[in-house]
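Peer 1: Could you work out the structure for the sequence below:
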Amino acid sequence: MSQRDPDKCYLEVGENLHQGWLDVSVQRSIEQAAAQFHVGMTETWPGQDNPIRVHPGDACKVSIGDDLLLSGYVDVAELAHDAKSHTVFVSGRSKTQDVVDCSCESTKSKPAHWTNRTVVQIAEDVCKPFHVGVVTDITDLKPVTPPYVAKVGASAFDVIEQVCREQRLLVTDTPDGRLFLTRVGSKTGPMFLHPGNILSASCRVDVSKRFSKIIVKAQTAGDDDNWGASVAGVEDFVEDLGVLNRYRLLVIRGEKAMDKARAKWRGPGDPIHGHRDEVRPYSGRSVPSGPRRRGRGRVPVA
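Peer 2: Residues are numbered from 1 along each chain as shown. Prediction:
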């Protein structure tokens, strides 16, 4: 049976379990492929004789009690001291950081290309050299068309994000360090209450990247029945008048060949990123008991 405090944060590096936080921050987002953490610790903590042993590049896990929040690597270890204290600051990211930072294996002589493959299969191929797994909760995925060829020098994440964008998939990660392909969901998580289990919070509404009209322009391959302007100038648009009462235009060039139906389907995927409400609660545990909810749903705040 676990002896961990269910409301205490732990940083596990190898066989060492570090605690005694001065401050801790863990950031996860459905728009972020690699969760990140930052902790500040005293060099030793009450009841412990061993100094902190953390080095950049070390594999690590961050948890609250037995609830795993992040599996990844230490990026930065910083030491600070004065006449009265000696502090260690540690920050890192999920295992998926290698997918975000590194290039996809593709050269002119041996380009990375896929034919009749789904986005999950493409993501698995791209992530394989980095030993990062790929999972999804979407069951209606179709093969990417036309065949996709990665640009030389493109990052692994850019390749995955581009094919996912075509099918309106979000690229994020799981607590155990796998890449997670999903869509915005409708499930409701536990409620945050004030007063209650919120120590502090903030809300930010940003419409700086929201547009009243979005035009998608592209081209597609011609055939005996479709040629000329009908395939060379594919264009459609959507309007988003829910928030703004003034004209703001965004023109999107299709990343790949697409017909008119796909151009219209591509357009609405962008406004959701323009209007964002952020609530940042701070508490040891979001609910009095039970595991913390993760995923792609909504969390009510009252």
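Peer 1: Below-threshold pLDDT in the stretch 101-250 of the chain: ranges please.
Peer 2: Along the stretch 101-250 of the chain, the model assigns pLDDT under 70 to residues 107-110, 185-199, 219-234, 243.
Peer 1: Need the residues that contact the longest strand seen in the chain.
Peer 2: As assigned by DSSP state E, the longest strand anywhere in the chain is strand 67-81. By CB atoms under 8 Å, 6 or more residues apart in numbering, the residues outside strand 67-81 that reach it are 6, 13, 26, 28, 34-37, 54-63, 86-97, 175-177, 291-292. Heads up, the C-betas are built off the backbone N, CA and C, glycines and all.
Peer 1: what do you get if the cut-off is 7 Å, keeping everything else the same?
Peer 2: The contact list for strand 67-81 (CB atoms under 7 Å, 6 or more residues apart in numbering) reads 26, 35, 37, 54-63, 87-95, 97, 175-177, 291-292.
Peer 1: cool, and stretch 176-183?
Peer 2: For stretch 176-183, using CB under 7 Å, 6+ apart, the contacting residues are 33, 68, 71-72, 94-96, 99, 119-120, 123, 127, 132-138, 164, 168-174, 296.
Peer 1: and that stretch, how far apart are its ends?
Peer 2: End-to-end distance of stretch 176-183 (CA to CA, to the nearest Å): 19 Å.
Peer 1: do the same with stretch 129-142
Peer 2: 24 Å.
Peer 1: And that stretch, what's buried?
Peer 2: For stretch 129-142, the neighbour count (16 or more other CB atoms under 10 Å) marks F130, V132, G133, V134, T136 as buried.
Peer 1: list the contacts for the first one?
Peer 2: Looking back up the chat, that one is F130. Counting by CB under 7 Å, 6+ apart, F130 makes contact with D98, V99, C102.
Peer 1: before we move on, what about the third one?
Peer 2: For G133, the set of contacting residues under the criterion of CB under 7 Å, 6+ apart consists of R178.
Peer 1: okay, the contacts of F130 in CSV with neighbour count, secondary structure and distance to P143 next?
Peer 2: As requested, the contacts of F130 are exported to CSV (neighbours: other CB atoms under 10 Å; DSSP: H, G, I helix; E, B strand; the rest coil; distance: CB to CB, whole Å):
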residue, neighbour count, secondary structure, distance to P143
D98, 19, helix, 26
V99, 26, helix, 22
C102, 14, coil, 26
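Peer 1: strands paired with the longest strand of the chain, and their directions?
Peer 2: The strands that strand 67-81 pairs with in its sheet are strand 59-64 (antiparallel), strand 86-94 (antiparallel) (by DSSP bridges).
Peer 1: For the helix or strand hosting V216, name the packing helices and strands.
Peer 2: Assigned by DSSP states H and E, V216 belongs to strand 213-218. With contacts taken as 3 or more CB pairs under 7 Å, 6 or more residues apart in numbering; DSSP states H and E, strand 213-218 sits against strand 234-239, strand 249-253, helix 260-266.
Peer 1: Check the burial of the spatially closest residue to G72 that is not a sequence neighbour by counting its neighbours.
Peer 2: Computed as CB to CB, 6 or more residues apart in numbering, the closest residue to G72 that is not its neighbour in sequence is S94, at 4.2 Å. For S94, the count of nearby residues is 30 (other CB atoms under 10 Å).
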